[in-house]
Every structure is written in structure tokens, then in C-alpha cells.
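Novice: coordinates only, sequence not included:
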């Protein structure tokens, strides 16, 4: 039997092979040296959804997908339900583009059960075009650089220059940036429909699994308020990481010297979202909320806020729910999250506002959960929950 002739393996060839393997495995992940996670159970659950007849056939729509993991050592009675913002699936909480662990793993290591959501019509919750309508186009690479990864190069708002925490070059051709772009997803164009779908689906999820802590980010910040308003007994806390805002009107960031420009159309006619909330005194229509723009901003680095006129209507269903607002140093939200805090306070609530630079965490942008110091921020959230959310009460249901 003839033997195949093979070239000798040289030291240079071995070295090239080793380099190729290293490039396939993110270097930062190799340096984490974290103990393996110990899970009692993991799986997935769909929640919400209903059948309707479209063009003579039945379709299901309105359901969310949630992937869950329950640690072997379950230390907290309430799970953390993580809801991604616009353009993202739940993957944004499951790890970072450079291969490190994400907030899902962090909270598992702290002894929380964790549920990570794909919104209705996104990711593993099917998009039904006949029901959901058109999708908004994906942001291109330059828009992502302007708002997420290279804000310091564009300086469209005063704090943008302070951004230092993106893990990589932050532009096309860099593996971390390319991974972020590969994960981007289009969103349902109708934001009011999106909020209603997510409100109903999240309530259905909490009805299945029991009371929980809602952790929202950006666009999904608008979902936490109506969920808690409709089902306050199911929401033990809201952790709103740079939530959808500011109240009422969207802001354009346009660079110096003007910096900020409000759009002409009401984006959140009910204040912090587009669908009705249970105000007291009752508001039958969004126009019942009388609003006014502040005469002057808190500082040149902040926009003026649109708020309710005094006396402001209250949000009684949210009054007993602990609320945390988290704002990074360099995000565009640093220019206007104060307006969301003021609005909530006007409505009779008592949110805690963590401005990350004030607790010594610097350089973050809007996607803080995937930046270099994401675990440091996770620790701040966990410490607030430990102080704020009682360990007594309903136990998490072991199986959804």
C-alpha cells in the first residue's frame, strides 16, 4: 500500500497555525479565567401571542421569546428579565462582541435566575409582516460609529468626547465592530404597536414565571412603565438603563454650538411612552397632559426638558415600585436623562438615578453592557438591587 507523501511540518507553519487559532478565540475571553457556571436548569419559553386570520389563513403574532438560565445556587427570589433595545436581540446581554461574558452571566453568578428576551417580531420571535407592518431599515456603520462606538470622533453632543470604553477600534474592519454590526436587527416601524406588543407579551411572561425585576435598555425602557402600570404586583423593580426618552419629544444631537434640537412631532405623547398610562387625575387623551418646555437648561451640556405643567398628573400604580435610572458619562443620554428623572419625580415617583461618573465609572457610551468595564457597571446594578429589593416574598417558579 503506497504511503501519501507529506511535506514536513515546520516550526513556522506551527506558529502560523497557533496564531490562526488565537484569532478565532477572542483574546479578552481567554484572560477572564472565570469559574464554569453551575446551572440547575436552562431552556426557553414563549409568552403571549394570539391567532388571527390574515388573507384567509391563521397566523400567530404578539409572542416574545425568552431564554432562561437558573443557577444551582439560587440566592434571590425574583429573576431578572432583560429586555433589549432597538436593533438588538437578547444576544446583547449574553456576551460582548469581543467574547467576554455579558450581564446575563454576571447576574447568574450573583445568584439570580435570568430571562433574556427577544421582542415580538424580532430574533426568535417571528416577524409577521401582515400584522406588524413594515420594518425600519438598519442603521449603517457610520450611524453606529456616531452614536455607539466612536462618538468621540464626531462630537455631536457635549459628552461624546469622553467616550473611552469601546473594546476595539470601533469601525469597519475591526472584528469587535463587525460582530456588533452582524448582530443588528431591523425593528417594527410602528413604535406604538411595538410598545403594546411588548407590554402584553412581558405581562404574559411574568404571569407564567412570577414577579420579576425588569431590566430595560434604550427603546425597551418605554415597555417597563406600562407593564408595571398594568400589573404592579408582577414588577419588583425597574432597572432602566438609559431608557427611551426624553419625555414627549425626540432630541436631535447636531453638534456645537447648538448641540440639541427638538423634533416637531410628539414622539411620546403620554410622557414616557406612546400608549396610555393610568394617570391620576385620569387622562382620557394624551392631550389632557398639559406640558411646557423649561425656560433654561440645567447646564450648557444638557437640553431643556419638556415636562407637565403644575399641578402634574401622578402615576399611582408605579409609586411602590423601586426604579433605577442608569446613565453613562459619554452617551447621548447624558444630555437628557435628567428630563426623564424630572418627569418621574413630577408624577410622584422616587427614582434612584445613578450617573456612572459620580460613582467613579468613566468613559462609557450607550451600549455600556458590552463595553470594556461592563462587569463594573453590573456590580453597581447588583448592589442597588441588594439594598432595594427585599429577599422576602413570592418565590420564582422553577418551571415557566
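Specialist: Arrived safely. As the structure is a prediction and not an experimental result, all values here were calculated from the model.
Novice: only C-alpha atoms for contact and neighbour calcs from this point on.
Specialist: OK.
Novice: got the residue ranges for the strands in the stretch 151-300 of the chain?
Specialist: 187-188, 212-218, 235-243, 248-255, 259-268, 291-293 (DSSP state E, counting those that start in this stretch).
Novice: direction included, what does the shortest one pair against?
Specialist: This points to strand 187-188. Take DSSP bridges as the rule and strand 187-188 pairs in its sheet with strand 135-136 (antiparallel).
Novice: re earlier: export the strands of the stretch 151-300 of the chain as CSV, with columns for mean neighbour count.
Specialist: As requested, these are exported to CSV (neighbours: other Cα atoms under 10 Å):
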stretch, mean neighbour count
strand 187-188, 22
strand 212-218, 24
strand 235-243, 25
strand 248-255, 18
strand 259-268, 16
strand 291-293, 13
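Novice: could you dump those strands into TSV with distance to residue 317 and mean pLDDT added?
Specialist: Converted to TSV, these look like this (distance: least, Cα to Cα, whole Å; pLDDT from 0 to 100):
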stretch	distance to residue 317	mean pLDDT
strand 187-188	28	96
strand 212-218	16	98
strand 235-243	11	98
strand 248-255	20	96
strand 259-268	19	95
strand 291-293	21	97
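Novice: closest one to residue 331 among those strands?
Specialist: When the strands of the stretch 151-300 of the chain are compared by Cα to Cα, strand 235-243 sits nearest residue 331, at 8.8 Å.
Novice: between strand 212-218 and the closest one, find me the angle.
Specialist: Going by axes from the mean of the first three to the mean of the last three Cα atoms, to 10 degrees, strand 235-243 is angled at 10 degrees with respect to strand 212-218.
Novice: how far off centre is strand 235-243?
Specialist: For strand 235-243, the separation from the chain centroid amounts to 10 Å (computed by Cα atoms, centre = their mean, to the nearest Å).
Novice: name the helices or strands packed onto it?
Specialist: For strand 235-243, the packing partners by 3 or more Cα pairs under 8 Å, 6 or more residues apart in numbering; DSSP states H and E come out as strand 212-218, helix 221-230, strand 323-327.
Novice: reformat the strands of the stretch 151-300 of the chain as TSV; add distance to residue 164.
Specialist: Shown next, in TSV, are the strands of the stretch 151-300 of the chain (distance: least, Cα to Cα, whole Å):
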stretch	distance to residue 164
strand 187-188	28
strand 212-218	20
strand 235-243	18
strand 248-255	19
strand 259-268	21
strand 291-293	33
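Novice: follow-up on the earlier one: so which of the helices and strands packed on strand 235-243 comes closest to residue 315?
Specialist: So among the helices and strands packed on strand 235-243, helix 221-230 is nearest, using Cα to Cα, at 8.0 Å.
Novice: quick one: contacts of that closest one?
Specialist: 85, 195, 198-200, 202-203, 214, 216, 234-235, 238, 240-244, 272-273, 275-278, 315, 317-318, 321 (Cα atoms under 8 Å, 6 or more residues apart in numbering).
Novice: poorly predicted segments of the stretch 101-250 of the chain, please.
Specialist: Scanning the stretch 101-250 of the chain for pLDDT under 70 picks out nothing.
Novice: re earlier: now render the helices and strands packed on strand 235-243 as CSV, adding distance to residue 284.
Specialist: Supplementary listing: the helices and strands packed on strand 235-243 in CSV, determined by distance: least, Cα to Cα, whole Å:
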stretch, distance to residue 284
strand 212-218, 27
helix 221-230, 16
strand 323-327, 26
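Novice: so which of the strands of the stretch 151-300 of the chain gets nearest residue 171?
Specialist: strand 248-255 (20.5 Å).
Novice: the closest one pairs with which strands, parallel or anti?
Specialist: By DSSP bridges, strand 248-255 pairs with strand 259-268 (antiparallel).
Novice: re the thing from before, which among the contacts of helix 221-230 count as buried?
Specialist: With burial judged by 16 or more other Cα atoms under 10 Å, the buried subset of the contacts of helix 221-230 is 85, 195, 198-200, 202-203, 214, 216, 234-235, 238, 240-244, 272-273, 275-278, 315, 317-318, 321.
Novice: before we move on, back to that, so for residue 266, which of the helices and strands packed on strand 235-243 sits nearest?
Specialist: helix 221-230 (14.6 Å).
Novice: report the angle between the closest one and strand 323-327.
Specialist: 170 degrees.
Novice: how far off centre is the host helix or strand of residue 385?
Specialist: When elements are assigned from DSSP states H and E, residue 385 belongs to helix 374-388. From the chain centre to the centre of helix 374-388 is a distance of 15 Å (Cα atoms, centre = their mean).
Novice: pull out the buried residues from it.
Specialist: Going by 16+ other Cα under 10 Å, helix 374-388 has these buried residues: 374, 375, 377, 378, 380, 381, 382, 385.
Novice: give me the helices and strands touching that helix, please.
Specialist: Right, helix 374-388 is packed against helix 103-109 by 3+ Cα pairs under 8 Å, 6+ apart.
Novice: name the residues that touch the helix it packs on?
Specialist: Residues contacting helix 103-109 (Cα under 8 Å, 6+ apart): 37, 69-71, 80, 82, 93-95, 113-114, 116, 369, 374-375, 378, 382.
Novice: so of those, which ones are in strands?
Specialist: 69, 70, 71, 80, 82, 114, 116 (DSSP state E).
Novice: which residues in the stretch 251-400 of the chain form helices?
Specialist: 337-346, 374-388 (DSSP state H, counting those that start in this stretch).
Novice: could you dump these to TSV with distance to residue 124 and mean pLDDT?
Specialist: Putting the helices of the stretch 251-400 of the chain into TSV (distance: least, Cα to Cα, whole Å; pLDDT from 0 to 100) gives the following:
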stretch	distance to residue 124	mean pLDDT
helix 337-346	31	98
helix 374-388	25	98
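Novice: in a markdown table: these, plus distance to residue 153.
Specialist: Below are the helices of the stretch 251-400 of the chain laid out as a markdown table (distance: least, Cα to Cα, whole Å):
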| stretch | distance to residue 153 |
| --- | --- |
| helix 337-346 | 22 |
| helix 374-388 | 22 |
